[in-house]
Every structure is written in structure tokens, then in C-alpha cells.
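**Student:** Sequence plus predicted model, see below.
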Amino acid sequence: MKPLQLGDKTFHSRLFLGTGKYGSNAQMEAATLASGTEFITVALKRLDLKQENNALLAHLNHPHLHLLPNTSGARNAKEAILAAQLAREALETNWVKVEIHPDPKYLLPDPIETLIATEELAKQGFFVLPYIHADPVLCKRLEEVGTTAVMPLGSPIGTNKGLKTIDFLEIIIENSRVPVIVDAGIGAPSDAAKAMELGADAVLVNTAIAVAGDPVQMAKAFQQAVQAGRMAYEAQLGAIQNHAHASSPLTSFLYQ
Amino acid sequence: MTFYDIYTTYDWQTIQKQISETTSYQVMQSLRKPKRDLSDFIHLISPAARPFLEQMAQLSQQLTHKRFGKTIQLYTPMYLSNECHNICTYCGFSIDNKIPRKTLTPIEIEREIHLLKSQGYDHILLVTGEANHTVNLQYFEQAIKQIRPSFSTISIEVQPLEQDEYEVLAQLGVYAVLVYQETYHEAVYKQYHPKGKKSNFRYRLETPDRIGQAGIHKIGLGVLLGLEDWRVDSFFTALHLDYLQKKYWKTKYSISFPRLRPAEGNVEPNFIMEDIDLLQLMFAYRIWNEDVELSISTRESELFRDHVIGLGVTAMSAGSKTNPGGYSVDQDSLAQFEICDNRSTATIYQLIQSKGYDPVWTDWNQSYANF
């Protein structure tokens, strides 16, 4: 399996994890380690930055794990930019996952504010990973303002519904010049494998693992599914027969 | 970054080897896929794909209908000048050909406009040689301002320009810019273009980048088929198209298939491309890329042009003259190359209709030129 080059980092695991919704930090840590992930996202709003020994961060203190602070809770570009700057100072990282969802019910991303925030943060030297709808045109606009990757959703966040946006994900993957990380909605390892077979560069999973009966075992299942999907993509999937033979040749004029 | 950075990571011989070593099984696999990438394009242009030509034709027709419907865009060239400061060993306009040179004056342009308009033409492709001192941006500005009120669509095929010059043309209402690389083989390119500004391979290769940056609506690409191994040259064209489509994603693209034709003082093609090769290439482009426009000029025979309508082709020239003033001013001035299909525009128009297709002159509006 080829490593993933993202910004200034190289990843050998293409499974990125979230850190919310676990029963305990210890369980989150165990699942994270079992998954083989190297990149985990942490909500800035969950961190008590005044406390020196932050409980959540203590469980993520492993040398192979890179932290990706996210701006979950921000309702507009201005709030997201401030959150990113705060995270850079507190966590000493210039990576940020831009999440801007003014709607508290479905947590759907605001495309206009996300584009504004991405452009500004990229100018400020951040590696920006924006969480967005599976909107191919938005992906191209983000590319133009210097995004590091795009993170289109498979289905509404936290729903475990899988790849409802598959037709648009295919268009995004086909046309993108930056890595495509399918984020949100992935509910089962088979969804993750499917996304990887399509040619996604990585997937980000949280709820499906965190709320599983056995998060550690589920984390392992996702690890294997992502590997299988990526290997299948690199091996080039077999073709589907879908043509019929013609009755009257179109090329016979060549022999006239 | 420009296309040159990508170009330098590929090796001509390696691609040639991949094409020649393609197996029937790989061709079948590529034909069956729902979406195809550049490795599939390699399979489809390979000698191994030749037994699948009819199947490729069926698929190409089906995909063309799906994306473009039953329409064929028409255009006709208006040669403004045959002045040229380059040596291109295959071209009638080459500076070392001792021929009378002509650049149309505003009065002569007016006569050409009048005649073309009276015959129903509405999409004009302005063509010149490469004479930067006399036929330059200033000349183009004047000509376009003069021509614009009479035609809905103006495309140009002139010497490579700077980005700011393309921006000026875009604002003047130029819809498309066609620029052919001639060949992607850098060493061979230099042999064919030993003198003049055109001998700078990289400057020409990066021209579509400058056109894309300038926000021109459509870019036309192609190679001169006959200068080098058409299969490898076409792979590099496809690679170029793939790069441009992803980077300048608001732009439309077309591919043309100029086969080397007899011209004053020129050499025989080094690589012969038969009709069957050209068909295979057109099908390969369509099957690999459902969205790209494919254009066939009057360089091709009546038989060929009659039969490719709807099989992949989406645009055709008609009633072409390839000499400056050829329609009304100076019908005997030296042509860039010999036309093969000499039928009138009206005949081509009727032919397209008789095949159940709609001939389309206008597919753009100049109001989109005002950024």
C-alpha cells in the first residue's frame, strides 16, 4: 500500500480517527491504538487549555500520533479562524480541520464560510483540511485558495448511513488535485472499504467506532477494511461487462 | 507549476513500450470499465486494440450521444495572414519558402466578412502564421473589433502569446484559442522547428497554461499527426488535457486531429497515419474522456468525414480556405496546406442534417466575455 503524502507529512495508515463519543478516554485510547491510525482529530472545544495536564491529550500522547485540531462549534469563518489560531498556540501545530456548522441539528457545513476560512488560514500558513458537502465545484474552489485536502461527507455526520453521496464523491475524486478524505457518515467497515476502492485517499471515522459494542475490535475491523479497499484500488478493480454487440458495423466504410 | 513540470517526469520510450506491450486482455478490461484513466487510454491507442475497433466505435457513438446529443458544431477558418518568421519544415508558411506574403488589410477583411456572412457562416476561426512584428496583438485587436459584430463566435489559432495578451483577447470577445504542440518529442520538435520563436519547445508547451490563467473559455489542443509516433504523441496530448482539465476546471477543451497534408516545400510524413489509425485514436479519446470536444477539419476526405459524424466527432470545419483572403480577396494566394474535402458549407450543412444531426453555428454568447 502506497503511503499518503499530505501537506508536509507522510502517513502509512489511511484511516483517520475522531475522538468524540467514547465511553471513556481510556477506551478512546485503546481503540485509537488498535486502529493503527496516525492522525486523529480533536475538537478544540473539548480541550481545557488552561489545565496543563489535559486528560484527553494525555491519552493521545503517543509519538506516532499526529493531532489535528478541529474547529467544531464555530458558526462562521471568523470564529473558525480564531479557533485555529488558538489551537496553533496551544497545541503547537499548524494543522487544522475547518468545521463550520451553523446548524446545530444536522451539523451541516456552511460552504461559503468554509471557503472564506480556508483561504485566510492557508494564507496564514496553516495546512487546512475543510469538512464540506460532497460538492465538486466547492472542492475546486477550495483547491484554488490553497487547501491541503478536501473532506467531503459520505452522509450527514454521526448517522452511520454510509456513502449516500457516492455519485458526487466519484466526481470529486476524479477531478481533484489534492487528497480527498471522505469524512462523516461512514457507518461500517464496508463503507470505508468502498470509499477506498473508489480512490479516496483516506477516510475519517468516529461514531462508527466510538459507539460500537466493542470499539477496539471495530477499530481493527476498520483498519483492515481501509487497507483492503486501498489495495483493491491500487491493484485496479476488474471491469464490469455492460456492452452489447452491434448488428451493423460502424467502421465498415474503411473497407469500401 | 506548469505542465512542463509534469511532462519532464515522463519518458517517451517508456510510454512507447507500454503501448506496444499492451495485451488484448488489458484492452478488454479498459473497454468494460465504467470510468477510464490514462492507463486505459494507453490500452485503447495500442496496436492490441485494433481488433476491437468496431466495439470501440459502438461505445464511442453511445458516449458521444449521451454527452453531446445529436449536434455537430460548425466553424470555418478565416486566414488573416501567411507571414511567418519561423521555419517549420512541414508548413507552407515557413519563412524559407519564397512565396508572396499577404496580410489582410481592414478593407480586405471587410470583403471576407461580407462574403462569409452572406453564406451563413457564424463561427469564425481566425488563423495566421507567426509574425510577431506585423501580425501581433495590435493587429488582432483591430481585426477582432472589426469582425466581432458579424459573427456570434470567434476563435483564434495564432502564435503563442503572453497571458496578459490572452486576457485582452478574452475581453474583446474571443471564445476559444487553439494551439497545437505539433509534437511532444522535445528533440524531434527542435529538428522540425530549427529557427524562430517557435523553436522554444517549453514556451509552446506552457501556452495552454497561459491561456487557462487568462480565463479564455475554450482551449484547443492537438499534435500534427505525422511528425512522430502518433500513439506516443497522443498519449502526451491526453496527459496535457488531463492536467489542464483539473487545473483550469472552468475551461472547455477540444482536440483536433490535423494529419500532415501536402504543402509548399514540405517533407513527406515520417510516420504514416491511415484512416483506420485516426478512427482508433478518435474512439480512444471519446471512450477515455466523455467530455472533450473532438474536431475534424477539411484536411480529411469526404468519405471519412461523412462517416465519423456522431461516432465521436462533435465539431467540423466546413467550406474552408487556408489562404489569406481565400474567400473573396485573393483566391490564388498560397495556402497553408491542401484541403481534401472541398464541398461547400451548404452541402456539409445538409449532409449533417440528412444524417439526423443538428448543425450548430452558435454555442456561446459574447456577453460572457465581459468578466
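**Tutor:** That came through, no problem. Residues are numbered from 1 along each chain as shown, chains lettered A, B, ... in the order given.
**Student:** what does the stretch 1-150 of chain A have sitting close to chain B?
**Tutor:** Counting by C-beta under 8 Å from any C-beta of the partner chain, the residues of the stretch 1-150 of chain A close to chain B are A:K140. All C-beta spots, glycine's among them, are computed from the backbone N, C-alpha and C.
**Student:** what about the helices in the stretch 1-150 of chain A?
**Tutor:** Counting by DSSP state H, counting those that start in this stretch, the stretch 1-150 of chain A has these helices, from start to end: A:25-35, A:55-59, A:77-91, A:111-123, A:136-144.
**Student:** Mind checking the ones you listed for the one nearest to B:Q163?
**Tutor:** Between B:Q163 and the helices of the stretch 1-150 of chain A, the shortest separation by C-beta to C-beta is 16.5 Å, and it involves helix A:136-144.
**Student:** I'd like to know which elements the closest one is packed against.
**Tutor:** Judged by 3 or more C-beta pairs under 8 Å, 6 or more residues apart in numbering or on different chains; DSSP states H and E, helix A:136-144 is in contact with helix A:111-123, strand A:127-132, helix A:166-175.
**Student:** Let me know the angle separating the second one from helix A:166-175.
**Tutor:** Between the direction of strand A:127-132 and that of helix A:166-175, the angle (axes from the mean of the first three to the mean of the last three C-alpha atoms, to 10 degrees) works out to 150 degrees.
**Student:** Nearest residue to B:T22 in space, ignoring adjacent ones along the chain?
**Tutor:** Counting by C-beta to C-beta, 6 or more residues apart in numbering or on different chains, the nearest residue to B:T22 once its immediate chain neighbours are dropped is B:S46, at 3.6 Å.
**Student:** What is the burial count for A:H133?
**Tutor:** A:H133 sits with 17 neighbouring residues when counted by other C-beta atoms under 10 Å in any protein chain shown.
**Student:** which residues does it contact?
**Tutor:** With contacts defined as C-beta atoms under 8 Å, 6 or more residues apart in numbering or on different chains, A:H133 is in contact with A:108-109, A:111, A:152-153, A:165.
**Student:** Need phi/psi at it.
**Tutor:** Here the main-chain torsion angles of A:H133 (degrees, to the nearest 10) amount to phi -60, psi 160.
**Student:** now the strands for the chain?
**Tutor:** Because you didn't say which chain, this covers chain A. A:4-6, A:9-11, A:15-18, A:39-43, A:66-70, A:95-98, A:127-132, A:151-152, A:181-183, A:202-205 (DSSP state E).
**Student:** wait, chain B
**Tutor:** With DSSP E as the criterion, chain B has strands spanning B:71-79, B:123-127, B:153-157, B:174-178, B:218-221, B:252-256, B:293-296, B:315-317, B:358-360.
**Student:** who wins for proximity to chain A among those?
**Tutor:** With distances scored as C-beta to the nearest C-beta, the stretch of these nearest to chain A is strand B:252-256 (13.3 Å).
**Student:** average model confidence for the closest one?
**Tutor:** For strand B:252-256, the mean per-residue pLDDT is 96.
**Student:** Neighbours of the residue in chain B that chain A sits nearest to, how many?
**Tutor:** The minimum distance from chain B to chain A, using C-beta to the nearest C-beta, falls at B:R32 (3.1 Å). Burial measure for B:R32: 15 neighbouring residues, criterion other C-beta under 10 Å.
**Student:** What's the per-residue pLDDT of it here?
**Tutor:** Per the predicted model, pLDDT is 90 at B:R32.
**Student:** I'd like to know how far it sits from A:L250.
**Tutor:** From B:R32 over to A:L250 the distance is 19 Å, taken as C-beta to C-beta, to the nearest Å.
**Student:** Can you get me the start-to-end distance on stretch B:30-47?
**Tutor:** End-to-end span of stretch B:30-47 (C-alpha to C-alpha, to the nearest Å): 14 Å.
**Student:** swap in stretch B:306-321?
**Tutor:** Counting by C-alpha to C-alpha, the length from the leading to the trailing residue of stretch B:306-321 is 19 Å.
**Student:** chain center to that stretch: distance?
**Tutor:** Centroid displacement of stretch B:306-321 relative to its chain, using C-alpha atoms, centre = their mean, to the nearest Å, is 12 Å.
**Student:** Briefly note if it comes near chain A.
**Tutor:** Yes. Using C-beta under 8 Å from any C-beta, stretch B:306-321 reaches chain A at B:306-307, B:311.
**Student:** Please indicate which of these has the highest neighbour count?
**Tutor:** Ranking the residues of stretch B:306-321 next to chain A using other C-beta under 10 Å puts B:H307 first, with 21 neighbours.
**Student:** Who are the contact partners of that one?
**Tutor:** Contact partners of B:H307, counting by C-beta under 8 Å, 6+ apart, are A:250, A:253.
**Student:** got it, and B:R210?
**Tutor:** Contacts of B:R210 (C-beta under 8 Å, 6+ apart): B:160-163, B:166.
**Student:** Go again with 10 Å.
**Tutor:** When contacts are counted by C-beta atoms under 10 Å, 6 or more residues apart in numbering or on different chains, B:R210 is found next to B:2, B:160-167, B:177, B:179, B:203, B:216.
**Student:** filter those residues down to the ones near chain A?
**Tutor:** Counting by C-beta under 10 Å from any C-beta of the partner chain, the subset of those that neighbours chain A is empty.
**Student:** Format the residues you listed as TSV; extra columns: neighbour count and pLDDT.
**Tutor:** Compiled in TSV, the contacts of B:R210 are given as follows (neighbours: other C-beta atoms under 10 Å in any protein chain shown; pLDDT from 0 to 100):
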residue	neighbour count	pLDDT
B:T2	17	95
B:P160	21	94
B:L161	22	95
B:E162	12	96
B:Q163	14	97
B:D164	11	96
B:E165	17	96
B:Y166	23	96
B:E167	18	95
B:V177	25	97
B:V179	21	96
B:Y203	13	95
B:I216	24	94
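**Student:** In helices, which of the residues you listed appear?
**Tutor:** Within the contacts of B:R210, residues falling in helices by DSSP state H are B:163-167, B:203.
**Student:** pLDDT score for the residue nearest to B:A48 when sequence neighbours are not counted?
**Tutor:** Closest residue in space to B:A48, ignoring its immediate chain neighbours: B:T22 at 4.5 Å, by C-beta to C-beta, 6+ apart. Model confidence at B:T22, expressed as pLDDT, equals 97.
**Student:** now do B:Q119
**Tutor:** Reported pLDDT at B:Q119 in the predicted model: 83.
**Student:** residues near the residue nearest to it when sequence neighbours are not counted, how many?
**Tutor:** With C-beta to C-beta, 6+ apart as the measure, B:T345 is the residue that lies nearest to B:Q119, at 5.9 Å, once sequence neighbours are left out. For B:T345, the neighbour count with other C-beta under 10 Å is 19.
**Student:** swap in B:E274?
**Tutor:** Using other C-beta under 10 Å as the criterion, B:E274 is surrounded by 10 other residues.
**Student:** What of A:D183?
**Tutor:** A:D183 sits with 31 neighbouring residues when counted by other C-beta under 10 Å.
**Student:** swap in the one 10 residues further on?
**Tutor:** Burial measure for A:A193: 23 neighbouring residues, criterion other C-beta under 10 Å.
**Student:** you'd agree it is up against A:A228?
**Tutor:** Yes. Applying C-beta atoms under 10 Å, one finds A:A193 in contact with A:A228, separated by 5.4 Å.
**Student:** Max pairwise distance over the ones in helices among the contacts of B:R210: which two?
**Tutor:** The most widely separated members of the ones in helices among the contacts of B:R210 are B:E167 and B:Y203, with 17.8 Å between them, by C-beta to C-beta.
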